[in-house]
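Colleague: quick one, fold the following:
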Amino acid sequence: MAERSAEWSVTAGMASADGDIDVDTEQTLTCLHMKMYHPHQHDKRIFSAINLCKRQEIKAEDVVLFGRDVNSCMFKLLHNKVSRMQFALQFFIPLNTSTMSFEIKNLSKKTKLFVDGLELNYLNKVELPQKCIIRFGEFQMLVEIEAGDSDDKFAINCEVSRYSLVQEIGHPVMIAIPENGTLIYQPSIILSTSPPVEVDENDA
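Modeller: Now for the predicted structure:
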């Protein structure tokens, strides 16, 4: 009887060990790191509504809005020249790949948005490169994608840069067109955009 009990203990121990091996490892989240700058950021109000230096986990299917609207936007930019909804980010997996990515869409009717040298007008959208600079008005955002393997959630981590992120360097410009066309490349120089005279399209 004692021998059978000992045998059962050994078998149970082996099953437990096998069970440990089969436990799924936790998946890592794709993270969008955003370093932000505005020349008047000494007015601490501009970025005060954003949880800085802390990863915010977001469901994969959610559309993330940046803008001035405190009710609609997850990331609020408190400046009077920011549109109520400035731009949207969406997590997706491009066709025929397993790599997670993001697309950005300009939601402002009055302010053009630039992704490196790519000019986006209202409702234009484009896939974000692995590393790029987003600009609108006097705002600059250096964006870098840290790859993960989860398709359930992603993360966004924001911080503020003490210095301007834009450098005047030669860079190809892609002229964006809506949804289903091609992109035309033209040589250009990345320059800081002049501040828009923003009349909120939703206030008219």
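Colleague: got the contact list for stretch 74-83?
Modeller: 38, 40, 45-50, 56, 58, 64-70, 86, 107-111, 137-139, 156, 158, 195-198, 200-202 (Cβ atoms under 8 Å, 6 or more residues apart in numbering). (Glycine included, C-beta is placed from N, CA and C.)
Colleague: so where do the helices sit in the protein?
Modeller: 2-22 (DSSP state H).
Colleague: now residue 30: how far from residue 55?
Modeller: 11 Å (Cβ to Cβ, to the nearest Å).
Colleague: right, I mislabeled it, should have said residue 45
Modeller: 23 Å.
Colleague: model confidence score at residue 117, please.
Modeller: In this model, residue 117 is scored at 86, pLDDT.
Colleague: ugh, wrong one, residue 12
Modeller: pLDDT recorded at residue 12 is 46.
Colleague: and for residue 182?
Modeller: Per-residue confidence for residue 182 comes out at a pLDDT of 40.
Colleague: repeat that for residue 98.
Modeller: pLDDT, residue 98: 81.
Colleague: ok, it - contacts?
Modeller: Here residue 98 is in contact with no residue (Cβ under 8 Å, 6+ apart).
Colleague: how near is it to residue 49?
Modeller: For residue 98 relative to residue 49 (Cβ to Cβ), the value is 35 Å.
Colleague: kindly report the same for residue 109.
Modeller: 23 Å.
Colleague: show me whatever sits in contact with both of residue 30 and residue 55.
Modeller: residue 155.
Colleague: the two - which one has more neighbours?
Modeller: Between residue 30 and residue 55, counted using other Cβ atoms under 10 Å, residue 30 has the larger neighbour count: 22 against 15.
Colleague: burial check on the nearest residue to that one once chain neighbours are set aside, number of neighbours?
Modeller: In space, and not counting its chain neighbours, residue 30 is closest to residue 148: 3.8 Å by Cβ to Cβ, 6 or more residues apart in numbering. Under the neighbour criterion other Cβ under 10 Å, residue 148 is assigned a count of 15.
Colleague: residues in contact with residue 148?
Modeller: 27-31, 100, 154-155.
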